[in-house]
Each structure stands twice: as structure tokens, then as C-alpha cells.
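Attaching a predicted model along with its sequence, questions to come.
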Amino acid sequence: MADSDNTTSLPFVIGQQGGKRNGATGAEMDPALSLWGEWHQARYVSLLLCRVQQRLEARIMANTGIQVLTSCKSVSQRMQRATAEARAEYEVACEAEVFAMTEALRFQDSLPYVEALSLAGIIAKLEMILGADRDIGDPTDFPWPHISSVLRDLKALAGNLPAYRSARANTRANVALHWKEAAKLVAALEFEEAPGSSKLSARGI
């Protein structure tokens, strides 16, 4: 976060405070730092899935426009099938994004129950709190500017957290997991809405 111009990294500034080291194993020693990393990962995945659903939405709009201009019946039918497939994929992308955002909120909600064991952990918790400002109606209202001020003061004394970098393998695994769960949900909803599905369910089929 850009709450301070101080670019000093925390591990070098408070690495020896309280007899604890905040080097490569800082996240393992401080639960708040571990939570901060998981929260960042979930938000990053939700952002990627948001971009995917936006691209699919744009593709649907483009295909629909082409379909209107197409005079050949066979081409029009192929476009209709392609558009239907794109809509189904778009619905999966939307649900996958919701799953990722829900996971990020779950990490955020667990924040009050996680103890910070270092100044780095305290800063991580404050960054997570301020990271929720996209869901706030007016981030200029109390207490958001005041929390931001406290975070700036802490960073001025202790330094910034290292920049978060997501591991590509973890990102792909999380995206695939959310996509799989979203596809299952969309398929289940389509089955429930299909004609005659209630009758089949009543018969235990």
C-alpha cells in the first residue's frame, strides 16, 4: 500500500526486536503475516477472475453484434451456439469470482481472532483493514483516515512490508479450484431450472 514514502523493508528494521527474526520465515512465525499473505492471494485471484468474466462479457456482446449482421443462416446458427457457450462460460467465471471474493472476505473476517507477534504483523493487520476500503461507501469518514494515519506512523518507524508476490503455481491452482466449484454450481442450477427436473427429483432419479 502507498501509505508512506518510507521504502525501508521491515525485516531489516525490526528483525531483531523481541528476540524474533522477521526474515524469510517471518510469515511462519507470525500468524498475522501468514493471514496477510493468504488474503493477498485470494484478492489477486479474484481480480484475475474478474478480468476473465469481463473479457467473456465483451466477447458475448461482440458475437451478438456480428450475429445481427450475418445473413447466412448456417453462420448465424454457429454464432448462436458459440454465443450460448460463451454465456455459459461467462456464468461460470462470474461464480468463480464470487468464490474467490468470498475466500478473501473469510480471511478478512478472521482477522480479529489472529494475534500479531511483531510490528510487521500489526502493520499487516492494518493493511488488511484498509484493504477493505473498496467496500466502504465513503473512505474519508471516521475511522478510515485515522487508521491510515496510524499505519503511516508505524511504517515511518518500522518500515514497509515486503511487496507481495504471488506464486504462479498457487495462483493457477486457486483459479482452477474456484472454476471447478463454479462450474459445478452453474450445472446444478441449470439442472434445477430445466423442464421436468422437479419431476425427476420427486421420483428420486
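Perfect, I can see it now.

just checking, next helix/strand downstream of the host helix or strand of residue 156?
Assigned by DSSP states H and E, residue 156 belongs to helix 144-158. Next along the chain after helix 144-158, taking DSSP H and E as the criterion, comes helix 168-193.

Need the mean per-residue confidence for that following helix.
The average pLDDT within helix 168-193 is 92.

same deal with stretch 86-100?
92.

Please identify the buried residues of it?
For stretch 86-100, a neighbour-count test (16 or more other C-beta atoms under 10 Å) marks 86-87, 89-100 as buried. For every residue, glycine as well, the C-beta is placed using N, CA and C.

ok, and what's touching that stretch?
Residues outside stretch 86-100 that contact it (C-beta atoms under 8 Å, 6 or more residues apart in numbering): 42, 45-46, 49-50, 52-53, 56-57, 59-60, 63, 174-175, 178-179, 181-183, 185-186.

wait, is residue 88 part of a helix?
Yes: counting by DSSP: H, G, I helix; E, B strand; the rest coil, residue 88 is part of a helix.

Against residue 94, how distant is it?
With distances taken as C-beta to C-beta, to the nearest Å, residue 88 is found 11 Å from residue 94.

coming back round to it: please spell out the ChimeraX selection for the buried subset of the contacts of stretch 86-100.
Under the burial definition 16+ other C-beta under 10 Å, those of those that qualify are selected in ChimeraX by:
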select :42,45,46,49,50,52,53,56,59,60,63,174,175,178,179,182,183,185,186
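
Return the distance of residue 106 relative to residue 120.
Separation of residue 106 from residue 120 (C-beta to C-beta): 22 Å.

thinking again about what came up before, so which of the buried residues of stretch 86-100 are in helices?
The helices, defined by DSSP state H, take in 86-87, 89-100 from the buried residues of stretch 86-100.

one step back: okay, residue 106 and residue 120: which has more neighbours?
Neighbour comparison, residue 106 and residue 120: the larger count goes to residue 120, with 31 against 12 (by other C-beta atoms under 10 Å).

host element of that one?
Going by DSSP H and E, residue 120 is in helix 119-130.

Would you mind getting the angle between that helix and helix 144-158?
Relative orientation of helix 119-130 and helix 144-158, computed by axes from the mean of the first three to the mean of the last three C-alpha atoms, to 10 degrees: 160 degrees.

From the contact counts, what lies against helix 119-130?
Here helix 119-130 touches helix 10-13, helix 31-69, helix 144-158, going by 3 or more C-beta pairs under 8 Å, 6 or more residues apart in numbering; DSSP states H and E.

and it, average pLDDT?
On average, helix 119-130 scores 94.

just stretch 46-63 next, same as before
On average, stretch 46-63 scores 88.
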